[in-house]
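Engineer: Build me a model from this:
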Amino acid sequence: MRAKLLLAGMALALAGAGSASAEDIKIGFITKFPVPFFATMENAAKAYAEKNGGVEIIYGQGASATDIEGQIALIESMVTQGVQGIAITPVDPTVAAALDKAIEAGVKVVLMDNNIPDWQGRTALATTDNYNAGKIAGAHLKTLLKDGDTLGILEGVPGVPALDDRVNGMLEGLSGVNVTIVGRGATNCTEELGISVAEDLLTKNPDLKAIYAACGPPAAGAARAIKNAGIANDKIVLVGFDFCCGEEEALEAGIEDATVAQFPAKMAELGVDALVKAIRGEKVESLIDSGAALVTKENMAQFK
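Structural biologist: Just a heads-up that it's a prediction; the model follows:
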């Protein structure tokens, strides 16, 4: 009788161990390229895994804002490594084909930061509402500009929906003031191209009144271009997006007037949590807004 009880106990223990193992989850976490914004997202994902037992995360990152092939290779590698889900900030809509193959292999996909338009494969999207966040920037510019003023736009990567939304939202927020757009150029969200495009705008338009940058690094680049040109802070308005990558210094120096902050840590935490819940069969919202806010020199301490 005792032997039967021992065997029954062992069976229950083994069954318990098996169920605990079944609860363990392995996911991939892929970000676009190496800038502080995505480093913050990765750190938040690591914190989530540490706080929540049974979650293993494999990390990957593209080499640049246009590294489509790099992201595709990461997606394929993570599927090969047996992940049950992938949380990704897609660098371009064309990675959807690789994500479709992942889904066919039983992998769930949560998008973060930006959507893939008309793609039906995602379980959820955790993001800033970039259009509304762009409207925040435009509404601020509207308080500083008047009819007849000129504006130059530093775009991110044209064709990437989230980055286009930041520009289109800004234009809507600015509507009602008759501002002339004298130029707009792609920056690939890099400081170097931000400097180059801003210098070109300033050279061709000596009386340029304002610059809007759709990403943090180009905003910092525009601040450098303005400083290098010897333009006084009160002669030009600079509004950025991201509150990262040198924008704090530009705000402190008074060169940049404002920027729009996202909450990358919250975005990553919400995205990973949605993915884990979906893998466990729990219901998740299809659209998860991580929020945005206007940052100025006066209030930036609360956003650090």
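
Engineer: From here on, just use CA atoms for contacts and neighbour counts.
Structural biologist: Noted.

Engineer: So what's the residue count around residue 30?
Structural biologist: 26 (other Cα atoms under 10 Å).

Engineer: Quick check, it in contact with residue 88.
Structural biologist: Yes. With contact defined as Cα atoms under 8 Å, residue 30 reaches residue 88; the gap is 4.6 Å.

Engineer: Does anything pack onto the helix or strand encompassing residue 182? Which helices or strands?
Structural biologist: Per DSSP states H and E, residue 182 falls inside strand 180-186. On a contact count with 3 or more Cα pairs under 8 Å, 6 or more residues apart in numbering; DSSP states H and E, strand 180-186 meets strand 150-155, helix 191-204.

Engineer: Give me whichever of those is most buried.
Structural biologist: Mean neighbour count, computed with mean count of other Cα atoms under 10 Å, is highest for strand 150-155 among the helices and strands packed on strand 180-186, reaching a mean of 23.

Engineer: pretty sure residue 28 contacts residue 59?
Structural biologist: Yes. Residue 28 is within contact range of residue 59, at 6.0 Å (criterion: Cα under 8 Å).

Engineer: Pull up the pairing partners for the strand holding residue 182, direction included.
Structural biologist: strand 150-155 (parallel) (DSSP bridges).

Engineer: Going along the chain from the partner strand, find the next helix or strand for me.
Structural biologist: Following strand 150-155 toward the C-terminus (DSSP H and E): helix 161-174.

Engineer: Give the other helices and strands that that next one contacts.
Structural biologist: The criterion is 3+ Cα pairs under 8 Å, 6+ apart, and the helices and strands that helix 161-174 contacts are helix 130-144, strand 150-155.

Engineer: Select, out of those, the one closest to residue 196.
Structural biologist: strand 150-155 (10.1 Å; Cα to Cα).

Engineer: Kindly calculate the angle that the closest one makes with helix 161-174.
Structural biologist: Counting by axes from the mean of the first three to the mean of the last three Cα atoms, to 10 degrees, strand 150-155 points 160 degrees away from the direction of helix 161-174.

Engineer: What mean pLDDT does strand 150-155 get?
Structural biologist: The average pLDDT within strand 150-155 is 98.

Engineer: now swap in stretch 293-304 and tell me
Structural biologist: So the average pLDDT for stretch 293-304 ends up being 93.

Engineer: Show me which parts of it are buried, residue by residue.
Structural biologist: 293, 294, 295, 296, 297, 300 (16 or more other Cα atoms under 10 Å).

Engineer: got a list of contacts for it?
Structural biologist: Stretch 293-304 is touched from outside by 133, 136-137, 243, 248, 251-252, 254, 257-262, with contacts defined as Cα atoms under 8 Å, 6 or more residues apart in numbering.

Engineer: same question, stretch 254-265
Structural biologist: 37-38, 40-41, 43-45, 128, 133-134, 136-137, 219, 223, 226-227, 233, 237-243, 247, 250-251, 290-297, 303.

Engineer: do that again at 6 Å, thanks
Structural biologist: Contact with stretch 254-265 is made by 40-41, 44, 223, 233, 238-243, 250, 292-296, as judged by Cα atoms under 6 Å, 6 or more residues apart in numbering.

Engineer: Of those residues, which belong to strands?
Structural biologist: The strands, defined by DSSP state E, take in 238, 239, 240, 241, 242, 292, 293, 294, 295 from those.

Engineer: List just the nearest of those residues to residue 73.
Structural biologist: residue 242 (27.3 Å).

Engineer: Report the beta-bridge partner residues of that closest one.
Structural biologist: According to DSSP bridges, beta-bridge pairing links residue 242 with residue 261.

Engineer: what sits against it?
Structural biologist: By Cα under 6 Å, 6+ apart, the neighbours of residue 242 are 215, 216, 260, 261, 262.

Engineer: next one: residue 186
Structural biologist: Residue 186 makes contact with 155, 156, 157, according to Cα under 6 Å, 6+ apart.

Engineer: residue contacts, the second one?
Structural biologist: Counting by Cα under 6 Å, 6+ apart, residue 156 makes contact with 163, 186, 187, 188, 189, 214.

Engineer: Equivalent analysis for the first one, please.
Structural biologist: Counting by Cα under 6 Å, 6+ apart, residue 155 makes contact with 185, 186, 187, 214.

Engineer: make it 8 Å
Structural biologist: By Cα under 8 Å, 6+ apart, the neighbours of residue 155 are 163, 164, 167, 184, 185, 186, 187, 188, 189, 213, 214, 215.

Engineer: how much space is there between the nearest residue in space to it that is not next to it in sequence and residue 219?
Structural biologist: Among residues not flanking residue 155 along the chain, residue 186 sits closest, at 4.7 Å (Cα to Cα, 6 or more residues apart in numbering). From residue 186 across to residue 219, the span is 12 Å (Cα to Cα, to the nearest Å).

Engineer: Could you name every residue contacting both of these two?
Structural biologist: With Cα under 8 Å, 6+ apart as the test, residue 186 and residue 219 both reach residue 154.
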